[in-house]
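>>> Quick one: sequence plus predicted model below, questions after.
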Amino acid sequence: MGYAKIVPDEIKAFLEKNDWDALGKYLVSNHERYRENIIIPRTFGPPMIKSNEEKMIEAAVESCPFKAFMSCVIGYGLGAALGLFTSSVNPNVVDPGLGKQQTAREIFREMKGTTLGYAKNFAVIGAVFAVIECSIESARAKSDWKNGTYAGGVTGGLIGLRAGVRAGLIGAAGFAAFSTAIDYYMRSR
């Protein structure tokens with residue numbers, strides 16, 4: 001046979017047996033399969049293969065405890081900034097009986113209290129919203145705009161219930177509408 005010099009030994013074995021199906025599978029199929037690598041298609045450029053470490057970090061960042069912690073931290077920072085702003089625009093209180101203004105120490109003490117109060121409230125609201133949204137997303141096994149709407153409704157209802165049932169319903173509707181608007185804006189970009 002004239003093909004003995006250029007054909008590898010594996011192919012010679014198939015040709016000697018006249019096993020054309022096995023030869024076709026050998027030539028066409030991929031003999032090395034890497035199941036742990038996931039190919040992520042990108043818009044431009046070649047696909048990117050994630051390593052196991054990247055997949056572990058991504059799973060940790062997308063976990064419910066991490067989302068709740070980050071929402072708490074970011075809510076604390078946002079609340080502190082908002083509290084500092086609102087306390088700085090409050091007018092200085094003048095004691096009408098004494099005709100004396102507050103001292104700088106009293107003003108800073110009041111600013112600190114307002115700032116910490118806002119920070120704690122925003123941190124709690126962020127953590128509660130994140131936990132509820134993550135729980136709803138896990139239960140529904142979907143990631144869409146409805147998760148934020150439902151979580152906003154539950155969170156707003158819980159916050160409003162402290163003032164009564166009617167306030168709870170209004171809080172639920174308001175927070176759900178706000179969450180839906182924010183989610184729509186973030187997903188449409």
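Looks like it came in fine.
>>> Would you agree Gly152 is in contact with Ala173?
No: Gly152 is beyond contact range of Ala173, at 9.3 Å (criterion: C-beta atoms under 8 Å). Placement of C-beta: from N, CA and C, glycine included.
>>> What is the lengthiest helix in the chain packed up against?
Ranked by residue count under DSSP state H, the longest helix found in the chain is helix 104-140. Applying 3 or more C-beta pairs under 8 Å, 6 or more residues apart in numbering; DSSP states H and E, one finds that helix 104-140 contacts helix 64-89, helix 145-160.
>>> and the shortest one, C-alpha only, in PDB?
So that's helix 145-160. Once non-C-alpha atoms are left out, helix 145-160 reads as follows in PDB (Å, rounded to 0.1, in the frame of the first residue of the first chain):
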ATOM      1  CA  TRP A 145     -37.400  42.800  36.900                       C
ATOM      2  CA  LYS A 146     -40.100  41.000  38.900                       C
ATOM      3  CA  ASN A 147     -37.700  40.100  41.600                       C
ATOM      4  CA  GLY A 148     -36.900  43.700  42.400                       C
ATOM      5  CA  THR A 149     -40.600  44.700  42.300                       C
ATOM      6  CA  TYR A 150     -41.600  41.900  44.700                       C
ATOM      7  CA  ALA A 151     -38.600  42.600  47.000                       C
ATOM      8  CA  GLY A 152     -39.500  46.400  46.900                       C
ATOM      9  CA  GLY A 153     -43.100  45.600  47.900                       C
ATOM     10  CA  VAL A 154     -42.100  43.400  50.800                       C
ATOM     11  CA  THR A 155     -39.400  45.800  52.000                       C
ATOM     12  CA  GLY A 156     -41.700  48.800  51.700                       C
ATOM     13  CA  GLY A 157     -44.500  47.000  53.500                       C
ATOM     14  CA  LEU A 158     -42.200  45.900  56.300                       C
ATOM     15  CA  ILE A 159     -41.000  49.500  56.800                       C
ATOM     16  CA  GLY A 160     -44.500  51.000  56.600                       C
END
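>>> Just the buried positions in the helix or strand following that helix, please.
Reading on from helix 145-160 to the C-terminus, the next helix or strand found by DSSP states H and E is helix 165-188. By 16 or more other C-beta atoms under 10 Å, the buried positions in helix 165-188 come out as 168, 171-172, 175-176, 179-180, 183.
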